[in-house]
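> Dropping the sequence and predicted coords here.
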Amino acid sequence: AEALGQEELGRVDGLYDELPPALQQDHGVLMLRLQAARSRGESEFAKALETMRKAGGDPLAAELFAIDAWMQLERPDAALDSIDRIDAAVGGDPYLQVMRADVHYRVGELEAAERAAKAAIDADPDLQDAYWQLTTISLDRHDFAATANMLTRIGQRFDIEFQDLRDLPEYNEFVRSPEYRAWKRSQSR
């Protein structure tokens, strides 16, 4: 842990190799090795993750960690595989659809992101992150009618009072649209 904290990644491997075999299979030790491997690239990370998967114990922590690691390593397919593994292990969870939506969104797959976010809402209408994902997608598509609709749904469902959207750069184009003006009027009622 100290070597990892000091970013002495090569030292992490050396120390790991010196541990007795039983400690090399310890979940905490394997998580430290996994964290160090992420910084050394795709093949090292894949090898460390596979070791952790085979070691048994609670694989979910490794898979959760792996999602962001795979995205940093520009492997969205592997991130989706980790989400699928978690989904299978827990027997399904609607929030995993939100996570899938985020992976698809981050690589520009807006249709897949939209499908996943809608599936999340269908499974659990209280998943606020899914609504925000659909809002972001509508902004990217310049579908400002959909943006206004999503903001209205979010405000009603979650009893949210919005700050001034003119202060948020990602809403600049929406704020200049007629859909924004109509939405803003509807909010003042």
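Everything's here; your move. Numbering: from 1, shown residues only.
> Contact partners for the nearest residue to residue 89 once chain neighbours are set aside?
In space, residue 89 comes closest to residue 60 once its chain neighbours are excluded; the distance is 5.9 Å by CB to CB, 6 or more residues apart in numbering. Heads up, the C-betas are built off the backbone N, CA and C, glycines and all. Counting by CB atoms under 8 Å, 6 or more residues apart in numbering, residue 60 makes contact with 86, 89, 90.
> Surely the first one and residue 61 touch.
No: taking CB atoms under 8 Å as the definition, residue 86 is not a contact partner of residue 61, at 10.1 Å.
> and these two? which has more neighbours close in?
residue 86 (21 against 15; other CB atoms under 10 Å).
> How far away from the center of its chain is the helix or strand hosting the residue nearest to residue 89?
Assigned by DSSP states H and E, residue 60 belongs to helix 59-72. Distance of helix 59-72 from the chain centroid (CA atoms, centre = their mean, to the nearest Å) equals 10 Å.
> Just the CA coordinates for it, please, in PDB.
Taking Å, rounded to 0.1, in the frame of the first residue of the first chain, the C-alpha atoms of helix 59-72 are listed here in PDB:
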ATOM      1  CA  PRO A  59     -15.200 -10.600  -7.200                       C
ATOM      2  CA  LEU A  60     -17.600  -7.600  -7.300                       C
ATOM      3  CA  ALA A  61     -15.200  -5.100  -5.900                       C
ATOM      4  CA  ALA A  62     -12.600  -5.900  -8.600                       C
ATOM      5  CA  GLU A  63     -15.300  -5.700 -11.300                       C
ATOM      6  CA  LEU A  64     -16.500  -2.300 -10.000                       C
ATOM      7  CA  PHE A  65     -12.900  -1.000  -9.900                       C
ATOM      8  CA  ALA A  66     -12.400  -2.500 -13.400                       C
ATOM      9  CA  ILE A  67     -15.100  -0.500 -15.000                       C
ATOM     10  CA  ASP A  68     -13.300   2.800 -14.600                       C
ATOM     11  CA  ALA A  69     -10.000   1.300 -15.200                       C
ATOM     12  CA  TRP A  70     -11.100  -0.200 -18.500                       C
ATOM     13  CA  MET A  71     -12.400   3.200 -19.500                       C
ATOM     14  CA  GLN A  72      -9.100   4.800 -18.700                       C
END
